[in-house]
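Participant: Kindly generate the corresponding structure for this input.
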Amino acid sequence: MRHNKKFNHLSRKSAHREAMLANMTISLIMHKRIVTTLAKAKALRIYAEPIINRAKDDTTASRRIVFKHLQNKEAVKELYSTVAAKIADRPGGYTRILKLGNRLGDNAKTCFIELVDFNEAMLEAKSQEKAAAKKTTRRSRKKAAAPVAEAPAAPATEEAPKTEE
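Facilitator: Below you'll find the predicted structure:
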């Protein structure tokens with residue numbers, strides 16, 4: 001029985017699986033988007049998001065913990081310099097999985113996995129969508145049921161005070 005065994009083993013032994021997920025996390029941090037199978041992307045999200053979350057506080061201890069998982073100095077530098085600056089105010093959900101379809105050779109489901117704050121096209125579309133969406137308010141029935149007749153206001157004719165020269 002598989003009680004309380006939640007992660008996908010991906011048909012690999014534990015050392016191979018850990019190495020593969022670490023390498024995929026390094027690629028994700030360096031390139032901001034990678035193409036992989038759906039099962040690997042879901043496993044990668046579970047592995048990478050706690051590591052990315054640890055980059056929010058830039059301390060020696062957190063850098064050592066991240067380096068223990070990744071074993072790549074360039075990826076750790078990139079994570080703490082550019083990625084951490086963009087995710088500082090985000091409470092979670094640092095990756096996005098976009099399904100692509102099936103692979104030709106073995107019909108495996110493929111997808112993009114990307115860092116959310118680095119997809120410029122999607123960020124631009126969301127900002128335009130927010131600007132285009134107008135704010136609607138709920139109308140009251142009292143104003144529509146009892147229209148008030150107002151007398152037309154006389155046009156204001158104010159003259160500027162004349163100055164004597």
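
Participant: Three-state assignment for the closest residue in space to residue 88 that isn't next to it in sequence, please.
Facilitator: Closest residue to residue 88 apart from its sequence neighbours, by CB to CB, 6 or more residues apart in numbering: residue 56 at 6.3 Å. C-betas here are computed from N, CA, C, even on glycine. For residue 56, the assignment made with DSSP: H, G, I helix; E, B strand; the rest coil gives coil.

Participant: Report pLDDT for residue 56.
Facilitator: pLDDT recorded at residue 56 is 94.

Participant: Residue 123 now?
Facilitator: Residue 123 is given a pLDDT of 77.

Participant: and the residue nearest to residue 88, what does it touch?
Facilitator: Counting by CB atoms under 8 Å, 6 or more residues apart in numbering, residue 56 touches 84, 87, 88.

Participant: same check, this time on residue 47
Facilitator: Neighbours of residue 47 in contact, by CB under 8 Å, 6+ apart: 21, 22, 24, 25.

Participant: Which strand or helix spans it?
Facilitator: helix 38-54 (DSSP states H and E).

Participant: before we move on, the earlier item: just the buried residues of the contacts of residue 56.
Facilitator: In terms of neighbour count (16 or more other CB atoms under 10 Å), the buried residues within those are 84, 87.

Participant: ok, the contacts of residue 56 vs residue 7, which is closest?
Facilitator: Distance to residue 7, by CB to CB, is smallest for residue 87 among these, at 23.4 Å.

Participant: Could you find the closest non-adjacent residue to the closest one?
Facilitator: Spatial nearest neighbour of residue 87, excluding adjacent residues (CB to CB, 6+ apart): residue 94 at 5.6 Å.
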